[in-house]
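> Provide a 3D model corresponding to the input given below.
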Amino acid sequence: MTSFYPSHQRGLGMLGFILLLSLFGIAGSVGLKMLPAYMEFYSIQTTLKRIAHDQMLQTERDVRVAFDRQMQVDNIHTVSGRDLLISGKQVSLQYQKKITLTDTMTLVIDFAAENTP
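Numbering: from 1, shown residues only. Purely as a prediction, here's the structure:
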């Protein structure tokens, strides 16, 4: 008499499927919470690139005011012109973004943007 049940089962069991689904859910949730911070960073980086190549901005004060104005247009309040590090024509910026995942867990991301014309 042959058995209809193989001695070695293959595939993912119900418990493995639930664990895999929860792992993807957690990773997706963290990714979605990080997305606005990275979008903000890319906006700041684009602004730095534009400011570094602008020939009309001659002084450090002009650069800081132009940066503040663009941050106001983009509705970004994380950084300001005071946070810029200006050395000649090189403009750079470093800052941290804290993202609350749960009441007891916080994700800290260090961002650094630099542009040389």
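> Where does the prediction get shaky in this protein?
Along the chain, the model assigns pLDDT under 70 to residues 1-9, 116-117.
> all helices in it, in order from the N-terminus.
14-52, 60-73 (DSSP state H).
> From the contact counts, what lies against the shortest one?
Same thing as helix 60-73. helix 14-52, strand 85-87 (3 or more CB pairs under 8 Å, 6 or more residues apart in numbering; DSSP states H and E). The C-beta positions use only the backbone N, C-alpha and C, and glycine is treated the same way.
> neighbouring contacts of the last one?
Applying CB atoms under 8 Å, 6 or more residues apart in numbering, the set of residues contacting strand 85-87 from outside is E60, V63, R64, V91, S92, L93, Q94.
> In contact with the nearest residue to the fifth one once chain neighbours are set aside: list those residues for me.
Closest residue to S92 apart from its sequence neighbours, by CB to CB, 6 or more residues apart in numbering: E114 at 3.9 Å. In this structure, E114 makes contact with L48, Q90, V91, S92, L93, judged by CB under 8 Å, 6+ apart.
> Can you tell me which of those residues has the most neighbours?
Of all these, the most densely surrounded is V91 (24 neighbours; neighbours counted as other CB atoms under 10 Å).
> For that one, which non-adjacent residue is spatially closest?
The shortest distance from V91 to any non-neighbouring residue, by CB to CB, 6+ apart, is to A52 (5.0 Å).
> quick one: buried residues of stretch 95-108?
Going by neighbour count (16 or more other CB atoms under 10 Å), the buried part of stretch 95-108 is K97.
> mind checking the end-to-end distance for it?
10 Å (CA to CA, to the nearest Å).
> Quick check: the gap between the spatially most central residue of the chain and K89.
Centroid-nearest residue in the chain, with CA atoms, centre = their mean: Y38, separated by 2.3 Å. Applying CB to CB, to the nearest Å, the value for Y38 to K89 is 27 Å.
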